[in-house]
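Enquirer: dropping the sequence and predicted coords here.
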Amino acid sequence: MYAIVEIAGKQFKVEKDQKIFVHRLDAEEGAQVEFNQIMLIDNEGTISVGVPTVEGASVKAKVLSHLKDDKVIVFKKKRRKGYKVKNGHRQCLTQIQIEEIVA
């Protein structure tokens, strides 16, 4: 059984007991979170497609940890002008574990 879920503006394909990284959520570590924006559910071959979401469906997950992603270097340069700018960015993430998919 799997579901397509919208979490923090992005869509993820999730299954039970799967661990995924999503954008930072406003929840404590160890807290339960519930997502109601379910686009699709596949239950052993029976597919339910939402218009735009599946009614009454939800996904329950547990927040495992808050962390930062690897650093991405942003380097800009214009040749022959002496212009160089170096910036870095680390995205804030939350690791969650899917506990239950309710159809």
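Expert: Nice, I can see it. Numbering: from 1, shown residues only.

Enquirer: the residue lying farthest from the centre of the chain in helix, strand or coil?
Expert: Distance from the C-alpha centroid of the chain peaks at residue 80, with 42.3 Å (C-alpha atoms, centre = their mean). At residue 80, secondary structure determined by DSSP: H, G, I helix; E, B strand; the rest coil is coil.

Enquirer: what residue lies at the spatial centre of the protein?
Expert: residue 22 (3.0 Å).

Enquirer: gap between the residue farthest from the centre of the chain and residue 87?
Expert: 22 Å (C-beta to C-beta, to the nearest Å). In short, each C-beta sits where N, CA and C put it, glycine included.

Enquirer: and if you look at residue 37?
Expert: Look at residue 37 and residue 87: by C-beta to C-beta, they are 33 Å apart.

Enquirer: try residue 45
Expert: Taking C-beta to C-beta, one finds residue 45 at 49 Å from residue 87.

Enquirer: okay, these two: which has more neighbours?
Expert: Legend: neighbour count by other C-beta atoms under 10 Å for residue 45 and residue 87, higher for residue 87 (9 against 5).

Enquirer: report pLDDT for residue 6.
Expert: Note for residue 6: predicted pLDDT of 95.
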